[in-house]
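>>> here you go, sequence then predicted model.
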Amino acid sequence: MAFRTIKGTHDILPEDSAHWQKLERIIHHTAARFGYSEIRTPIFEDTSLFSRSVGEDTDIVSKEMYTWEDRSGGSLTLRPELTAPVVRAYIQHNLGSKSPLQRLYYMGPLFRRERPQKGRQRQFHQFGIEAFGSEFPEQDAEIIAIGHTIFSELGLKDISLKLNSLGSGECRSQYTHALKNYLSPLKDQLSSTSQQRLETNPLRILDTKNPDEQNLIADAPTIADYWTADDKIHFSTVQQLLNELNIPFEIDYQMVRGLDYYTRTTFEFISGNLGAQDAICGGGRYDGLVETLGGKPTPAIGFAAGMERILMSMDFDNNSTEHNTVYLINLVESARGQALSMANELRELGYNVITDTLRRSLKAQLRDANRIGALKAVIIGEEELKNETVQIKDLSSGEQNEIAINELVKHFTI
Ligand code: HAM
């Protein structure tokens, strides 16, 4: 039987890894420019870390987690998201006592047992940013600006930013109650999923894609009616700061995120060229989560972005060749050691050097050198060895010159 990847999981093949590395480089670089440090947490955690933070009634916790009972009896889960693990680490290592403002970022694989489709996988990757300690709107603006900067540097086109505020905890529970009161008499007109959500998590009904339900919701009370005075000031300041930063956004009162820990500002960056799974990034404030998970009350805000979705919406120049590669062709058995040392000398000068270990013909090796877009080929044949020379072939012009072996380093010194 030939083994294959499990449904909803993918290999990242060599032809794509250069794109991943480019994305990773831009993330590391931008995070550092904003003063954020990387955190790496384990792939699996205690199951209750997620049920207590993301929420028992969310899709993620109620049906998408990969959970198993450990041999020692506890319940473990492959992480479906990274905010809760980062909060766990923040509390466990008392990071708040090291600095009143902790700015962290991460990258890595996550696991959700969703129905696979374009842009939706069961193992996928996110990078994310989390800032702990500041309750002020300038922190919200900074977090959103990091996303905006990274997506601009990647050259993503047709990206829009949707913004909402879910208000403080108090506002959210009053609004949930009001929405339930509004929708309960209309229950018969709701789908079975929404009828269930009416009991467990009414806010999620706002997310519906069903046009009949969208019509019903159009007249529902909006979250904005329930904001406290402080919620209003916070949200309008965030908007003002984004305007000053020239970051365009639109307000969407019906944007409720699929995780329960949010308070106040929530946002999503949407890509216009991805189809149904169009959110490349989502995030918001979670001012109560550190306390819920056993830490001191600590305001916090962050986002996570799906790396596969970002790569799908990027334009890559497929003709970009590696201008720094030299192909070293040795055709003489007794010169194998010498050829390997020559390759190392060129690597020390900063070149990528490829040597053939299949003992192929000159013609086959030159074909391979052209295929990978090498700059030059260095050729050692019987004649050259006798004369203590090598041939240098420029692979774009086809021009070939003979030089003395002891001139090689000088020839390649840039
Ligand atoms: P999320 O909205 O569940 O938020 O996920 C963030 C992003 O991960 C989505 O916008 C999407 O790009 C990507 N994503 C999610 N599920 C999949 C999937 N099955 N396949 C491919 N990509 C996917 C969170 O995870 C929060 N922890 C974000 C956050 C950080 N909030 C505050 N800090």
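Yep, that arrived.
>>> CA only for contacts and neighbour counts going forward, please
Fine.
>>> any idea how far whichever strand or helix holds residue 170 is from the chain center?
Taking DSSP states H and E as the definition, residue 170 sits inside helix 169-183. Remark: helix 169-183 is offset 33 Å from the chain centroid, using C-alpha atoms, centre = their mean, to the nearest Å.
>>> do the same with stretch 103-123
On C-alpha atoms, centre = their mean, the centre of stretch 103-123 falls 9 Å from that of its chain.
>>> and it, C-alpha only, in CSV?
Output in CSV follows, covering the C-alpha atoms of stretch 103-123 (Å, rounded to 0.1, in the frame of the first residue of the first chain):
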residue,chain,number,x,y,z
ARG,A,103,5.4,41.9,23.0
LEU,A,104,5.4,38.4,21.5
TYR,A,105,5.0,36.7,18.1
TYR,A,106,4.9,33.1,16.9
MET,A,107,4.7,30.9,13.9
GLY,A,108,3.8,27.3,13.6
PRO,A,109,1.3,24.5,12.7
LEU,A,110,-2.2,24.2,14.1
PHE,A,111,-4.9,21.5,13.9
ARG,A,112,-8.6,21.8,13.4
ARG,A,113,-10.8,18.9,12.1
GLU,A,114,-12.8,21.1,9.7
ARG,A,115,-14.2,20.0,6.3
PRO,A,116,-11.2,20.6,4.0
GLN,A,117,-11.6,23.0,1.1
LYS,A,118,-9.6,25.6,-0.7
GLY,A,119,-7.9,27.7,2.0
ARG,A,120,-9.1,25.4,4.8
GLN,A,121,-7.0,22.5,6.0
ARG,A,122,-6.8,20.3,9.1
GLN,A,123,-3.2,21.1,9.6
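>>> ok, and what's touching the helix holding residue 170?
Under the contact criterion C-alpha atoms under 8 Å, 6 or more residues apart in numbering, helix 169-183 has outside partners 166, 198, 202-203, 220-223, 226-228, 263.
>>> show me those that map onto helices.
residue 198 (DSSP state H).
>>> check the contacts of helix 169-183 and tell me the two furthest apart.
Distance extremes for the contacts of helix 169-183: the farthest pair is 198 and 228 at 24.3 Å, using C-alpha to C-alpha.
>>> neighbour count for the two, which is higher?
residue 198 (21 against 14; other C-alpha atoms under 10 Å).
>>> residue 205 is in contact with that one, correct?
Yes - with contact defined as C-alpha atoms under 8 Å, residue 198 reaches residue 205; the gap is 7.4 Å.
>>> please identify the buried residues of the helix or strand where residue 329 lies?
Per DSSP H and E: residue 329 is located in strand 325-330. Burial within strand 325-330, assessed by neighbour count using 16 or more other C-alpha atoms under 10 Å, is assigned to 325-330.
>>> re the thing from before, whichever of the contacts of helix 169-183 end up buried, select them in ChimeraX.
A single ChimeraX command selects the buried members of the contacts of helix 169-183 (16+ other C-alpha under 10 Å):
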select :166,198,202,203,220,223,226,227,263
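>>> narrow the contacts of helix 169-183 to those in strands?
residue 263 (DSSP state E).
>>> wait, which of the contacts of helix 169-183 is closest to residue 303?
Using C-alpha to C-alpha, the contacts of helix 169-183 come closest to residue 303 at residue 263, 13.2 Å.
>>> ok, that closest one - contacts?
Here residue 263 is in contact with 165-169, 172, 284-288 (C-alpha under 8 Å, 6+ apart).
>>> mind checking how far residue 66 is from residue 308?
20 Å (C-alpha to C-alpha, to the nearest Å).
>>> next one: residue 258
For residue 258, the distance to residue 308 - C-alpha to C-alpha - is 19 Å.
>>> what's around residue 337, how many residues?
With other C-alpha under 10 Å as criterion, residue 337 counts 10.
>>> wait, is it part of a helix?
Yes - assessed with DSSP: H, G, I helix; E, B strand; the rest coil, residue 337 lies in a helix.
>>> how far away is it from residue 403?
20 Å.
>>> what's the answer for residue 122, then?
56 Å.
>>> do the same with residue 220
Counting by C-alpha to C-alpha, the gap from residue 220 to residue 403 is 81 Å.
>>> residue 289 too?
68 Å.
>>> who has more neighbours, these two?
Higher neighbour count among residue 289 and residue 403: residue 289, with 26 against 16, using other C-alpha under 10 Å.
>>> wait, that one touches residue 261, no?
Yes - counting by C-alpha under 8 Å, residue 289 sits close enough to residue 261 to count as a contact (6.2 Å).
>>> find residues that contact each of the two.
residue 53.
>>> and stretch 207-223, what's buried?
Judged by neighbour count using 16+ other C-alpha under 10 Å, the buried positions of stretch 207-223 are 207, 213, 217, 220, 223.
>>> do stretch 5-19 as well
Buried residues in stretch 5-19 (16+ other C-alpha under 10 Å): residue 8.
>>> how about stretch 28-39 and the ligand, touching?
No - applying C-alpha under 6 Å from any ligand atom, one finds stretch 28-39 separated from the ligand by no less than 13.4 Å.
>>> pull that stretch out as PDB, backbone CA atoms only.
What follows is stretch 28-39, C-alpha atoms only, in PDB (Å, rounded to 0.1, in the frame of the first residue of the first chain):
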ATOM      1  CA  HIS A  28      10.700  37.800  11.600                       C
ATOM      2  CA  HIS A  29      12.000  41.100  10.200                       C
ATOM      3  CA  THR A  30       8.800  43.100  10.700                       C
ATOM      4  CA  ALA A  31       8.200  41.700  14.200                       C
ATOM      5  CA  ALA A  32      11.700  42.800  15.200                       C
ATOM      6  CA  ARG A  33      11.200  46.200  13.800                       C
ATOM      7  CA  PHE A  34       8.200  46.700  16.000                       C
ATOM      8  CA  GLY A  35      10.000  45.300  19.100                       C
ATOM      9  CA  TYR A  36       8.300  41.900  19.300                       C
ATOM     10  CA  SER A  37      10.200  38.700  20.400                       C
ATOM     11  CA  GLU A  38       9.500  35.200  19.300                       C
ATOM     12  CA  ILE A  39       7.800  32.600  21.600                       C
END
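>>> partner residues bridging the residue of the stretch 51-200 of the chain found nearest the ligand?
The nearest approach of the stretch 51-200 of the chain to the ligand comes at residue 120, 3.4 Å away (C-alpha to the nearest ligand atom). Note on residue 120: beta-bridge partners residue 117, judged by DSSP bridges.
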